[in-house]
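Visitor: Here is a sequence with its predicted model. Questions after.
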Amino acid sequence: MISNFKNGDEEKLKIEDSVLRNCNPNLIIGKISGFGDDNDRVAYDLILQAESGYMSMNGTPESGPVKMPIAMIDTLAAHQLKEGLLIALMKRKESGKAETVTVSLYDAAISGLVNQASNYLMTGHVPQRIGSTHPNIAPYGEMFTTKDGALITFAIGSNHHFEKLCKFLGLELLTNHSHFNTNQQRVINREDLAKILQEEVLRFDAETILNEMLLQHVPAGKIKDLAEVFSGEGPKSAVLEEEMYNVNTKRVSSIAFKWK
């Protein structure tokens, strides 16, 4: 049984764990709360993103804090509960004991901070809003306009990637320049580097650049809106169609894994 009640509702409805297990001792119970099992506070994804640090890191220096445009914390909590329930199923098979698994949206949000939390806990560094760029890698996340007006981005994770990108753009001299020949220098001089790259990217359309980067195994991608995303072949298998109350509906599946 999976539930998402406010604190105290189980008692009102008389569906506490003990009552349920009197009916079925083997019942595995999963619960999602907002701020913890004993906290009365009502939780919304926006508030969780605000109070767990996500909004403070998301956006640009000019934009101010920005909420991510999906219910990220709700999704994180759902996956945490799923993992707990799978472990509970395994434990019940081994011991015969049924467990209660609880997940709070707040705990799921904190768990999802991963490397940003580690950076702060280890060094005291408070992440700032830097848009899509990476604090330790360049060029990584800068957006470039192509000849046909598309926006593309690169994830240049090594000197090897940088050399291949520069060769394609006719910028081989950059790989020996003291401001750009190492990743550390590229991070320091990333604004100047982005201006130089942008001038050359404008000579090509997006398809030409992306096809060449694919051949050279250099990570690159086009910034797509959802119309472009769902016009491609990739997402089609994830789209579910169903008639509900005489209305044809479409949505994406929440299941991403495949059996082989």
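Guide: All right, it came through fine.
Visitor: pull the longest helix from the chain.
Guide: What stands out as the longest helix in the chain, according to DSSP state H, is helix 72-95.
Visitor: Output that one as CSV - backbone C-alpha positions only.
Guide: The C-alpha coordinates for helix 72-95 follow below in CSV (Å, rounded to 0.1, in the frame of the first residue of the first chain):
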residue,chain,number,x,y,z
MET,A,72,11.7,17.6,-9.7
ILE,A,73,11.5,17.0,-5.9
ASP,A,74,8.2,15.0,-6.3
THR,A,75,10.0,12.8,-8.9
LEU,A,76,13.1,12.3,-6.7
ALA,A,77,10.9,11.3,-3.8
ALA,A,78,9.0,8.8,-5.9
HIS,A,79,12.2,7.1,-7.1
GLN,A,80,13.5,7.0,-3.5
LEU,A,81,10.2,5.3,-2.4
LYS,A,82,10.4,2.8,-5.3
GLU,A,83,13.9,1.8,-4.3
GLY,A,84,12.9,1.4,-0.7
LEU,A,85,9.9,-0.8,-1.6
LEU,A,86,12.0,-3.0,-3.8
ILE,A,87,14.4,-3.6,-0.9
ALA,A,88,11.4,-4.2,1.4
LEU,A,89,10.2,-6.9,-1.1
MET,A,90,13.6,-8.6,-1.0
LYS,A,91,13.7,-8.5,2.8
ARG,A,92,10.2,-9.9,3.2
LYS,A,93,11.3,-12.8,0.9
GLU,A,94,14.3,-13.5,3.1
SER,A,95,12.9,-12.9,6.6
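Visitor: which stretches of the stretch 1-150 of the chain form strands?
Guide: For the stretch 1-150 of the chain, applying DSSP state E, counting those that start in this stretch gives strands covering 2-3, 29-33, 100-104, 140-145.
Visitor: how about CSV for those, with mean neighbour count and distance to residue 227 added?
Guide: Heads up, the C-betas are built off the backbone N, CA and C, glycines and all. Putting the strands of the stretch 1-150 of the chain into CSV (neighbours: other Cβ atoms under 10 Å; distance: least, Cβ to Cβ, whole Å) gives the following:
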stretch, mean neighbour count, distance to residue 227
strand 2-3, 14, 34
strand 29-33, 20, 33
strand 100-104, 19, 34
strand 140-145, 18, 19
